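> here is my input; please provide its structure:
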Amino acid sequence: MLRKLRRLTDLSLTEHILFIQFIALSYGLRIALSSLSLPRFMSLLSSMRGHFLLDWIPVFHLRCETHRLLHLIDLATTVSHGSGRCLPRSLLTIWLLSRHHSSITLCLGISKNRGSLQGHAWVEQDGVVVGDTRSFTDHYTLVHRLPA
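This is a model prediction of the structure:
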C-alpha cells in the first residue's frame with residue numbers, strides 16, 4: 001500500500017484530477033450496483049454511450065494515454081474498494097473504452113483455490129484482456145460474458 005501511495009506523488013496535476021474523479025465514480029458505481037443488477041447496469045451503460053455530455057466525464061481524460069488511465073483506475077479502485085476492486089475497475093475501464101471501441105466485453109469468472117470459491121471480473125477488447133494479464137485471468141473459469 002505504501003508503494004501505491006508513493007506512486008501518487010509521481011502523478012501530474014491532470015492525473016491527480018482524474019484520480020479524484022475515478023474515486024468518485026468508483027463510489028458511484030458501488031451505489032448504482034446496490035440498486036441495479038449487473039446486466040441492467042451494463043444495458044444502461046451501453047444506452048448512454050453516445051450521449052455527448054458523458055463523453056467528457058471524467059474531465060481531462062482525453063489528455064492521458066490509455067495505459068495511464070488504466071493505471072489511475074487501478075489506483076483509484078484500490079483506494080475506494082481495497083482488495084475487491086476488480087468489478088469497479090472493469091466497469092470504469094469499460095466506460096472509457098466503449099466510447100471508441102465497439103467490441104468490449106465484461107468477463108466474469110470463478111476459481112476454486114484451496115477449498116474457497118473466488119470470483120474475478122476483467123475486460124476484453126476483441127478477445128484481448130485489457131487492464132489484467134491473460135496469465136492471471138486464465139486461472140479463472142469464464143462463467144459469463146456481458147457485452148458493453
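> after the single longest helix found in the chain comes which helix or strand?
Longest helix in the chain, counting residues (DSSP state H): helix 13-35. Scanning forward in sequence from helix 13-35 by DSSP states H and E, the next helix or strand is helix 38-47.
> got the CA positions of that following helix in CSV?
Taking C-alpha atoms only, helix 38-47 is exported to CSV below (Å, rounded to 0.1, in the frame of the first residue of the first chain):
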residue,chain,number,x,y,z
LEU,A,38,-25.2,-6.1,-13.3
PRO,A,39,-26.9,-6.9,-16.6
ARG,A,40,-29.3,-3.9,-16.1
PHE,A,41,-26.4,-1.7,-15.3
MET,A,42,-24.5,-2.8,-18.4
SER,A,43,-27.5,-2.2,-20.5
LEU,A,44,-27.8,1.3,-19.1
LEU,A,45,-24.1,2.0,-19.6
SER,A,46,-24.5,0.8,-23.2
SER,A,47,-27.5,3.0,-23.9
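> mind checking how far the helix or strand following it is from the chain centre?
Elements were assigned by DSSP H and E; along the chain past helix 38-47, the next helix or strand is helix 66-81. Going by C-alpha atoms, centre = their mean, to the nearest Å, the spacing between the C-alpha centre of helix 66-81 and its chain's C-alpha centre is 8 Å.
> could you check the angle the longest helix of the chain makes with helix 66-81?
50 degrees (axes from the mean of the first three to the mean of the last three C-alpha atoms, to 10 degrees).
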